Structure formats: structure tokens, C-alpha cells
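Colleague: Any chance you can model this:
(2 chains)
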Amino acid sequence: KAGVTQTPRYLIKTRGQQVTLSCSPISGHRSVSWYQQTPGQGLQFLFEYFSETQRNKGNFPGRFSGRQFSNSRSEMNVSTLELGDSALYLCASSLTPSGRDPYEQYFGPGTRLTVT
Amino acid sequence: DAKTTQPNSMESNEEEPVHLPCNHSTISGTDYIHWYRQLPSQGPEYVIHGLTSNVNNRMASLAIAEDRKSSTLILHRATLRDAAVYYCILSTSGTYKYIFGTGTRLKVLA
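Modeller: Coordinates of the predicted model:
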């Protein structure tokens, strides 16, 4: 079974631009979560989608948004990029949504975003 | 949100058992305890999770204190491939957010 795939793997953007990252979950998984990882803040939860609905959202500004499609694929968008948005963005999929056991997340390799 | 506390780093010799501790004194009754690990240049990888009873799987064992305020991930025989950052996480009931701590960087010595 193919794992979680994220595209692109690397991205360089300029301040003020916007970016869209894509995540394809493991086949059959309907829950997709997004995380931001930086050396200073570690792994931080962005949001979770299940069956095209956002279930949870972390403490990030409104510039960070996401959506999930009927095939469970998810996209994450960051508008008006800032230097501090440079990070590894990780996507994770799960068969069940959070709060429902077993909640095992399978992470993709991440998209490395650099904002200059 | 309930938080976890882990030592920043630990060392172990190859083929010896490793006990990675985690403190979660503010855990609530329905919070699950999860462990993930992140190898260099990879996304985190699920290791094990539990609620109240000790759990075993092919990768590790999870020992949960009776009062659930702490837990220990046990790697029975550390290998060089086990060198990673290990995260202890609570799935916070109600908000269902995964709150990752800073993790423990495990170094395995040959």
C-alpha cells in the first residue's frame, strides 16, 4: 500500500506570495492532519480534516487554511507568506478521525518551504 | 491542553534495553498516550499508543503508571536504526489536538 505523498517536496517562495501544498493520504484513510515543524517551535498542529470537514484547528493565523476533497486528498494554503513561515510542513493520514481509537497517524515526508 | 515532559536526550548502547520516560501529570481520564519517533530527514512514525493498560507491539512496549501521570516507552534491544527523536503525545479529549512536546533525542552507541 502506498504511503502518504506530499507535493512538492521543496519550495522556495518570496515574502508576500502565497503557496499551496498538496497531500494524498493512504488509500482508505479519510482523516488528514497538517503540522508545521521548525527548529524553534518543534512540531505544531495546524488542522485536521475528516470527510471534507475541518474538525480541529491549531493556533495559527487565518493566513493558514486548508481543505479536503471528496477523494480525501487535502491541500494547505498559506497566503501573504512571511519569513517565519519557512518550515517543514507535514501531512498525516489516519483511518479514523482523532478521538476515535485506534488513532494512528501515518506521516508523509513533508514539504520543505523556504520563504526569502 | 494537557502537556508532556520528556528528557531532552538519552544515550543507549546497542542491543541493550532503553526506557524512555514521559511525564503527563495533567492527563485526563480519556486521554490516550501516543508515542511517535522521527528519524533524521523523515516524517514522524507511529510507535505505540495506550490508554490505561500496558501495551506491546512488534516495535516496543508501553508501560503506563497506575495513576496515568507518567509512562515509559521500552525498546527491548536498541539498534542503530532506533536513533531518533521520540515524542510522547496526548490526544487531548474534547479538542482532539495532538500536542507534540520537544521529544527525547535517543543516541544509540555501537
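Colleague: in the chain, which ranges drop under the pLDDT threshold?
Modeller: Since no chain was named, I'll use chain A. A:1, A:99-102 (pLDDT under 70).
Colleague: could you do chain B instead?
Modeller: For chain B, the ranges with pLDDT under 70 are B:1-2, B:92-97.
Colleague: Near the residue of it found nearest chain A, how many other residues are there?
Modeller: When scored by Cβ to the nearest Cβ, chain B has B:Gly43 as its residue closest to chain A, at 3.2 Å. In this view, the C-beta of every residue, glycine as well, is placed from N, C-alpha and C. For B:Gly43, the count of nearby residues is 23 (other Cβ atoms under 10 Å in any protein chain shown).
Colleague: contacting residues around the residue nearest to it when sequence neighbours are not counted?
Modeller: Distances taken as Cβ to Cβ, 6 or more residues apart in numbering or on different chains put A:Phe107 closest to B:Gly43, at 3.2 Å, once the chain neighbours are dropped. Taking Cβ atoms under 8 Å, 6 or more residues apart in numbering or on different chains, we find A:Phe107 in contact with A:Val4, A:Leu90, A:Cys91, A:Ala92, B:Gln42, B:Gly43, B:Pro44, B:Glu45.
Colleague: The second one and A:Gly110 touch, don't they?
Modeller: Yes: at 4.6 Å, A:Leu90 counts as touching A:Gly110 under the criterion of Cβ atoms under 8 Å.
Colleague: Output the set of residues of chain B in proximity to chain A.
Modeller: Where chain B comes near chain A, counting by Cβ under 8 Å from any Cβ of the partner chain, the residues are B:32, B:34, B:36, B:42-46, B:49, B:51, B:87, B:91, B:93, B:95-103.
Colleague: which among those residues end up buried?
Modeller: By neighbour count, with 16 or more other Cβ atoms under 10 Å in any protein chain shown, those hold B:32, B:34, B:36, B:43-44, B:46, B:49, B:87, B:91, B:95-101, B:103 as buried.
Colleague: Near chain B, which residues of chain A are found?
Modeller: Checking chain A against chain B by Cβ under 8 Å from any Cβ, the hits are A:4, A:33, A:35, A:42-45, A:48, A:55-56, A:58, A:90, A:92, A:97-99, A:101-110.
Colleague: Check chain A for the residue nearest chain B and tell me.
Modeller: Closest point on chain A to chain B, by Cβ to the nearest Cβ, is A:Phe107, at 3.2 Å.
Colleague: Report the separation between that residue and B:Glu45.
Modeller: Per Cβ to Cβ, to the nearest Å, A:Phe107 is found 7 Å from B:Glu45.
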